[in-house]
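Visitor: Provided below are the primary sequence and the corresponding predicted coordinates.
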Amino acid sequence: MSPTVLVVGGPTASGKTTVASGVADRLGWTFIDADDLHPADNVARMSAGMPLSEEHRRPWLDAVIGAARACAGDVAIACSALRIDHRDRLRRGAGARIVMLRPDLHTATQRAAARSDHFMPASLVASQFDTVEWPTDTESDVWTLDANHASVDRLVEAVIARLHAH
């Protein structure tokens, strides 16, 4: 049986890192934060309050796929996967199963403003919401969880339950 690759996606400050690392901890999987795989130019761009273009995202997504493939076992990845084509690439390139965390704009903006240890400023949250393409019927294999009020433990449990159901 091939290893499971789980991508926990969503806009910035949706809880991707917290949920993906929680799943990895609970299941004994490897955790990858895709933010750590951004080229320095991408980080500098976002730190300066400039959103990424698709040209900026392509090599980063390639790095995420490469990191997933390099894992010997199961892996949980925190990766925005904002657009359908991003998720398609992750599924094709790494065999990823994908869950999207869906906060509202207000909640994500508040969370981003409260962070002091992340390069993505709160000023870019709206651009992420402008870019995100939420799963539709054509992506029936992607599931979405409300990330506004559920506790991290509940979100982790929901992801694990879904993994075990499929």
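Guide: Looks like it arrived, so ask away.

Visitor: List the buried residues for the lowest-mean-pLDDT helix or strand in the chain?
Guide: Lowest on mean pLDDT, DSSP states H and E among the helices and strands of the chain sits helix 105-114, with a mean of 81. For helix 105-114, a neighbour-count test (16 or more other C-beta atoms under 10 Å) marks 107-109, 111-112 as buried. In short, each C-beta sits where N, CA and C put it, glycine included.

Visitor: mind checking how far the helix or strand following it is from the chain centre?
Guide: Scanning forward in sequence from helix 105-114 by DSSP states H and E, the next helix or strand is helix 125-131. Between the centre of helix 125-131 and the centre of its chain there are 14 Å (C-alpha atoms, centre = their mean, to the nearest Å).

Visitor: which helices and strands does helix 125-131 pack with?
Guide: helix 105-114 (3 or more C-beta pairs under 8 Å, 6 or more residues apart in numbering; DSSP states H and E).

Visitor: helices and strands around the helix it packs on, which ones?
Guide: Checked by 3+ C-beta pairs under 8 Å, 6+ apart, helix 105-114 has helix 125-131 packed alongside it.

Visitor: pLDDT of the top helix by length along the chain, averaged?
Guide: Using DSSP state H to define each element, the chain has its longest helix at helix 54-70. In this model, helix 54-70 has an average pLDDT of 94.

Visitor: again, but for stretch 141-159
Guide: On average, the pLDDT along stretch 141-159 is 92.

Visitor: That stretch: end-to-end distance?
Guide: 13 Å (C-alpha to C-alpha, to the nearest Å).

Visitor: what residues does it touch?
Guide: By C-beta atoms under 8 Å, 6 or more residues apart in numbering, the residues outside stretch 141-159 that reach it are 6, 8, 10, 14-15, 18-19, 22-23, 26, 87, 91, 97-104, 107, 134-135, 162.
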